[in-house]
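A.B. asks: One predicted model, sequence on top.
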Amino acid sequence: MQLTDDFFALFEMPRAFRIDPSELERRYHERQAQVHPDRFASAGDTERRLSLQWATRINEAYQTLRRPLSRAKYLLQLAQHDIASESNLAMPTDFLVEQMEWREAIAEARAAADHHGLEHLHHRLHHDLQERYGEVAALLDDRHDFAEAADRVRRLMFLEKLLFEIDEAIVVSEEQASG
């Protein structure tokens, strides 16, 4: 292992969107056990500093690869294909309409303190995300269509934000119901 290895190489895993999460976790724990700073507590300054660098790098790699959106972004970065999320905000009209519909449904359920409705929206969006991640997997792993994958990743960023908003609304509705 080299500190300059890409995240997939650190875990000796293929550079692919489709990965086995349990295998990633197993390899993460293996690597952490090898470099954990506690193992180097009595070592010299250089070894302790290097151990900390390794532990930090392995944590960063794990956090990136375990989440589908960050893994997709990272694969695009490795392919030197910028998703241009700050400069390319153009989205198809149907996608924008869909976003407005989601936001309206969330706002209505939130205003009505409809916990069940929020849960339903969460499950629907989660299912939609899973299908879209399947499309991204095909684009990245099978077709190597990085331009289209970048477009899909930009859309997924919006959807993941929506899911976060729904989850926040669910927490608030639970707090209101119990308080």
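C.D. replies: Everything's here; your move.

A.B. asks: All the helices of this structure, in order from the start?
C.D. replies: Secondary structure of the chain by DSSP state H: the helices cover 7-10, 21-35, 45-66, 68-78, 93-111, 115-137, 146-178.

A.B. asks: what's the average pLDDT for the longest one?
C.D. replies: The one in question is helix 146-178. The pLDDT scores in helix 146-178 average 93.

A.B. asks: Go through the helices of the chain and name the closest to residue 84.
C.D. replies: Closest to residue 84 of the helices of the chain, according to C-beta to C-beta: helix 146-178, at 7.1 Å. All C-beta atoms are positioned from the backbone trio N, CA, C, and that covers glycine.

A.B. asks: tell me the angle that closest one makes with helix 115-137.
C.D. replies: Orientation of helix 146-178 against helix 115-137 (axes from the mean of the first three to the mean of the last three C-alpha atoms, to 10 degrees) gives an angle of 160 degrees.

A.B. asks: which parts of helix 146-178 are buried?
C.D. replies: 146, 149-156, 158-160, 162-163, 165-166, 169-170, 173 (16 or more other C-beta atoms under 10 Å).

A.B. asks: ok, residue 115 to residue 171 distance?
C.D. replies: 10 Å (C-beta to C-beta, to the nearest Å).

A.B. asks: Also residue 12?
C.D. replies: According to C-beta to C-beta, residue 12 stands 38 Å off from residue 171.

A.B. asks: And residue 11, by the same measure?
C.D. replies: Distance from residue 11 to residue 171, by C-beta to C-beta: 33 Å.

A.B. asks: Sketch out the low-pLDDT regions of the chain for me.
C.D. replies: For the chain, the stretches with pLDDT under 70 are 1, 85-89, 179.

A.B. asks: give me that answer again for 80
C.D. replies: 1-4, 37-39, 41-42, 84-90, 179 (pLDDT under 80).

A.B. asks: Quick check: phi and psi on residue 14?
C.D. replies: phi -70, psi 150 (degrees, to the nearest 10).

A.B. asks: I'd guessed it sits against residue 8; true?
C.D. replies: Yes - using C-beta atoms under 8 Å, residue 14 is in contact with residue 8, at 6.6 Å.

A.B. asks: So residue 169 sits against residue 109, correct?
C.D. replies: Yes - with contact defined as C-beta under 8 Å, residue 169 counts as touching residue 109 (7.0 Å).

A.B. asks: circling back: for the helices of the chain, give me a markdown table that also has distance to residue 84.
C.D. replies: Conversion of those to a markdown table gives the following (distance: least, C-beta to C-beta, whole Å):
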| stretch | distance to residue 84 |
| --- | --- |
| helix 7-10 | 22 |
| helix 21-35 | 28 |
| helix 45-66 | 19 |
| helix 68-78 | 10 |
| helix 93-111 | 16 |
| helix 115-137 | 16 |
| helix 146-178 | 7 |
